[in-house]
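> here is my input, please return the structure:
(one chain, ligands or ions: 1)
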Amino acid sequence: MNTQTQKVSGLDVAAIRQEFPILSEQVNGKPLVYLDNAATSQKPQCVIDTINHYYAAQNSNVHRGVHYLSQLATREYEGARDIIKKFLNAASDKEIIFTKGTTDAINLVAMSYGRKFIKEGDEIIISAMEHHANIVPWQMLCEQTGAVLRVIPMNDDGELLMEEYEKLLSPKTKIVAVAYVSNSLGTINPVHRIIELAHAQDVPVLIDGAQSAPHLKVDVRELDCDFYAFSGHKVCGPTGIGVLYGKQQWLEQMPPVQGGGDMIKVVTFEKTTYNDLPYKLEAGTPHIEGGIGLGRAIQYLESIGLDKIAAYEHELLEYATEVIGGIKGVRLIGTANQKASVLSFVIDDIHPHDIGTILDQEGIAVRAGHHCAQPVMKRFGVPATARASFAFYNTKEEIDALATALQKVIEVFG
Ligand code: C6P
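Alright, predicted model coming up:
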């Protein structure tokens, strides 16, 4: 362990690593070096235990039973909602909608807000660096309604051209949807300014928080975003659970997209009245242990401190930029001034899949591909990139291991 690293950030990374059982695994006879955190984070023992405990001692359906277990499960599940509300500093539990993840949350807004408020000729603004999850649902909405998708361009460093954004905003704009942090470039977008400019024209803003939630402290009221979406599995929680935060004033007006149990008050064959928020937008038996596990994951992150996590990961990113970016033949894709946790790169003519395969032989996990951001690859004229993405349990030694393995890649293909 690099003691300098520990001292500057105030994190005891060696102790933190002990809490993640998977980090002790061997891969191809080498210690696992997990640098694919933007795809999904690893899980600490406390989250694994919470899920085990749920099935061992609490399992029951929620919001339905008068019996002990149902009330217990409901209390735990709603307790998790409250943890998330406080984590985001939302005004009310009614503003926290459990979803399957970021994708599901954005689709919910596109299909519900979209159906209600977006008509033919209206415009939806997204950015050039969006994940497919923040492109395709809006395209589908455009196909259904005749609305038009407008895209904020970016420069060669992977920074949004804000003056172009200002030009795109118009009375036709009905929503702006942008990522806080790009998964393929690592850019931290100026979301405060994006929201301010949109609100000046009464346009609501959805922030895709999939890559910001694990790394940046977000206060939705200070940010003043209208919607904020994130995934549990990227914040040390389980897969299949995520959150849509929405301002109550919007959620109240939004029709349900799915009908079924839990989202109703009264059903007759003639007419159904819908439940209050948040249940109106949560049809069916939810992912109960997912919600509870996510609550535990957020408590865990908060016990470390998002500010400390951000500072330490920033050190890791700076170190990796220097060490990996300094290797002859490596070209970094995404060199924005403000970045978080993601280092995307290509090496001369070596295909990123070959890079990923050789790194895997060394026990190093990175993602190689288009990262579900094909328009970004097109913008930078590459078919794919290799991407190392860091979490607070990574170390500078692991970045050194990556650098050594990349030298091997270059030797093999060079
Ligand atoms: N990005 C990556 O490797 P889901 O799959 O719903 O949990 O998250 C979708 C999503 C939306 N927006 C951004 C900015 C994202 O990064 C992701 C997920 C992963 O980059 C898997 S493709």
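> so what's the residue count around the residue of the stretch 251-400 of the chain found nearest the ligand?
Closest residue of the stretch 251-400 of the chain to the ligand, Cβ to the nearest ligand atom: residue 372 (3.9 Å). To be clear about C-beta, it is placed using only N, CA and C from the backbone, and glycine gets the same treatment. Using other Cβ atoms under 10 Å, residue 372 is surrounded by 18 other residues.
> sec struct for it, please.
Per DSSP: H, G, I helix; E, B strand; the rest coil, the secondary structure class of residue 372 is coil.
> ok, now the one 3 residues further on?
Following three-state DSSP, the label given to residue 375 is helix.
> that one contacts residue 131, doesn't it?
No. When contacts are counted by Cβ atoms under 8 Å, residue 375 is not listed as touching residue 131 (10.0 Å).
> what about the two, which has more around it?
Neighbour comparison, residue 375 and residue 131: the larger count goes to residue 131, with 21 against 17 (by other Cβ under 10 Å).
> now do the contacts for the more buried one.
Residues counted as contacts of residue 131 (Cβ atoms under 8 Å, 6 or more residues apart in numbering) are 102, 179, 183, 184, 208, 210, 371, 372, 373.
> got the buried residues for the helix or strand encompassing residue 401?
According to DSSP states H and E, residue 401 maps onto helix 396-413. Using 16 or more other Cβ atoms under 10 Å as the test for burial, helix 396-413 gives 396, 398, 399, 401, 402, 405, 406, 409, 410.
> hmm, back to that, in this structure the residue of the stretch 251-400 of the chain closest to the ligand contacts residue 183, no?
Yes. The criterion here is Cβ under 8 Å, and residue 372 meets it with residue 183 at 7.4 Å.
> which elements pack onto the helix holding residue 401?
strand 33-34, helix 306-325, strand 342-347, helix 352-361, strand 364-365 (3 or more Cβ pairs under 8 Å, 6 or more residues apart in numbering; DSSP states H and E).
> need these in TSV (columns: mean pLDDT).
Shown next, in TSV, are these (pLDDT from 0 to 100):
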stretch	mean pLDDT
strand 33-34	98
helix 306-325	98
strand 342-347	98
helix 352-361	97
strand 364-365	98
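> tabulate the ones you listed (CSV), appending distance to residue 84.
Formatted as CSV, the helices and strands packed on helix 396-413 follow (distance: least, Cβ to Cβ, whole Å):
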stretch, distance to residue 84
strand 33-34, 25
helix 306-325, 14
strand 342-347, 24
helix 352-361, 34
strand 364-365, 28
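> out of those, deepest packed?
strand 342-347 (a mean of 26; mean count of other Cβ atoms under 10 Å).
> now do that one: distance to the chain's middle.
19 Å (Cα atoms, centre = their mean, to the nearest Å).
> what is that strand packed up against?
Looks like strand 342-347 contacts helix 306-325, strand 330-333, strand 385-389, helix 396-413 (3+ Cβ pairs under 8 Å, 6+ apart).
> returning to that earlier point: for the residue of the stretch 251-400 of the chain closest to the ligand, list the residues it contacts.
With contact set as Cβ under 8 Å, 6+ apart, residue 372 has these partners: 131, 132, 133, 183.
> skipping adjacent residues, who's closest to the third one in space?
Take residue 133 and drop its neighbours on the chain: the residue closest to it by Cβ to Cβ, 6 or more residues apart in numbering is residue 103, 4.2 Å away.
> ok, that neighbour touching residue 135?
No. Residue 103 lies out of contact with residue 135 (Cβ under 8 Å); the separation is 11.1 Å.
> for residue 209, give me its contacts.
102, 180, 218, 228, 229, 230.
> what about the second one, how many residues close to it?
Read that as residue 180. Neighbours of residue 180 under the rule other Cβ under 10 Å: 25.
> how about the fourth one?
Using other Cβ under 10 Å, the number of residues around residue 228 comes to 27.
> any idea which helix or strand comes after the host helix or strand of it?
Here residue 228 sits within strand 227-231, counting by DSSP H and E. Following strand 227-231 in sequence order, the next helix or strand is strand 242-246 (DSSP H and E).
> report the inter-axis angle for that next one versus strand 227-231.
170 degrees (axes from the mean of the first three to the mean of the last three Cα atoms, to 10 degrees).
> residue 97 should be in a strand, yeah?
Yes. Checked against three-state DSSP, residue 97 lies within a strand.
> surely it is in contact with residue 112?
No. Under the criterion of Cβ under 8 Å, residue 97 is not in contact with residue 112, lying 10.1 Å apart.
> of the two, who's got more company?
Each of residue 97 and residue 112 has its neighbours counted (other Cβ under 10 Å); residue 97 has more, 25 against 22.
> quick one: contacts for the spatially most central residue of the chain?
Central residue of the chain (Cα atoms, centre = their mean): residue 210, 1.1 Å from the mean position. Residue 210 makes contact with 101, 102, 131, 133, 179, 183, 229, 230, 231, 234, according to Cβ under 8 Å, 6+ apart.
> want to throw the residues you listed into CSV with pLDDT?
Below are the contacts of residue 210 laid out as CSV (pLDDT from 0 to 100):
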residue, pLDDT
101, 98
102, 99
131, 98
133, 98
179, 99
183, 98
229, 99
230, 99
231, 99
234, 98
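> returning to what we had before: by contact count, what packs against the strand holding residue 228?
On a contact count with 3+ Cβ pairs under 8 Å, 6+ apart, strand 227-231 meets helix 102-117, strand 205-208, strand 242-246.
> close to the ligand, is the first one?
Yes. For helix 102-117, a contact with the ligand is found by Cβ under 6 Å from any ligand atom, at 102, 103.
> paired strands for the helix or strand just after that helix, with orientation please.
With elements assigned by DSSP H and E, the helix or strand that comes after helix 102-117 is strand 123-127. Strand pairing for strand 123-127, using DSSP bridges, gives strand 148-152 (parallel), strand 173-179 (parallel).
> which residues touch the first one?
Pointing back at strand 148-152 there. Everything outside strand 148-152 that qualifies as a contact, by Cβ under 8 Å, 6+ apart, is 121-128, 135, 138-139, 142, 160-161, 164-165, 168, 172-173, 178.
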